[in-house]
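Participant: Next input, structure requested:
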Amino acid sequence: MSAYHDAEWGVPVRDSRMLWEMLQLEGFQAGLSWRTILYRREGFRTAFAGFDPEKFARFTPADVERLMGDPGIIRARAKIEATIGNARAYLTMRDAGEDFADFAWDFVNGKSIRGNGIDVPASTPLSVDISKALKKRGYKFVGPVIVYAWMQAVGLVNDHAPDCLRRDATSV
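Facilitator: Residues are numbered from 1 along each chain as shown. Just a heads-up that it's a prediction; the model follows:
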């Protein structure tokens, strides 16, 4: 957990595919600890074709059944099916000329929002707005709490504590 915090959590991500991967992992984390997801992240990457939306969008019901038997991931049918649908939504956005990174970062005018690092909310009006925008595009498992956790993880918001070594290092 320390390595993830020190090297990844809150570091601004500008890569569309990686932003999408992290949003999917946050969806799988709902109801579980992030430690559980980190422990299985490589299993997810293997099972989900490297989180390549082009490949993952083509998964079939037979692939869902195969994934339901994969001990390297969280075997939640609704989340697996949602992730396949989310891959299709990602591709629809891309094919319409809407870059996922631009979509995400436009909500914060291209710059991380700096929280106070003390009173960290579960969701915000902005995470509600992003959630609605994602749902409008066909995404699932993207409620405001999941979206806020994603915003923190990918650096859209900087909620590192005031005395954290990463607080100033992750701002853009």
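
Participant: so what's L165 scoring on pLDDT?
Facilitator: At L165, the model reports a pLDDT of 67.

Participant: pLDDT of the longest helix along the chain, averaged?
Facilitator: Criterion DSSP state H: the longest helix present in the chain is helix 77-95. Averaged across helix 77-95, the pLDDT comes to 98.

Participant: Centre of the chain to it, how far?
Facilitator: 12 Å (C-alpha atoms, centre = their mean, to the nearest Å).

Participant: Ramachandran angles for I113?
Facilitator: Backbone torsions for I113, taken as degrees, to the nearest 10, come to phi -80, psi 130.

Participant: Contacts for the helix or strand harbouring R66, please.
Facilitator: Assessed by DSSP states H and E, R66 sits inside helix 61-68. When contacts are defined by C-beta atoms under 8 Å, 6 or more residues apart in numbering, helix 61-68 is touched by residues A47, F59, I73, R75, R77, I80, E81, I84. Every C-beta, even on glycine, is put in place using the N, C-alpha and C of the backbone.

Participant: repeat that for 7 Å
Facilitator: Helix 61-68 is contacted from outside by A47, I73, R75, R77, I80, E81, using C-beta atoms under 7 Å, 6 or more residues apart in numbering.

Participant: May I ask which of these has the most neighbours?
Facilitator: Highest neighbour count within the contacts of helix 61-68: I80, with 23 neighbours (other C-beta atoms under 10 Å).

Participant: how about that residue, what does it touch?
Facilitator: Contacts for I80 (C-beta under 7 Å, 6+ apart) come out as V64, L67.

Participant: E21 too?
Facilitator: F51.

Participant: buried set for the strand or helix carrying it?
Facilitator: Using DSSP H and E, E21 falls within helix 16-29. Within helix 16-29, the residues scored as buried using 16 or more other C-beta atoms under 10 Å are 16-17, 19-29.

Participant: In contact with the residue most central in space within the chain, which residues?
Facilitator: In the chain, the centroid-proximal residue (C-alpha atoms, centre = their mean) is L23; its distance is 1.5 Å. Counting by C-beta under 7 Å, 6+ apart, L23 touches V142, W150.

Participant: If anything else comes up later, I'll come back, but that's it for now.
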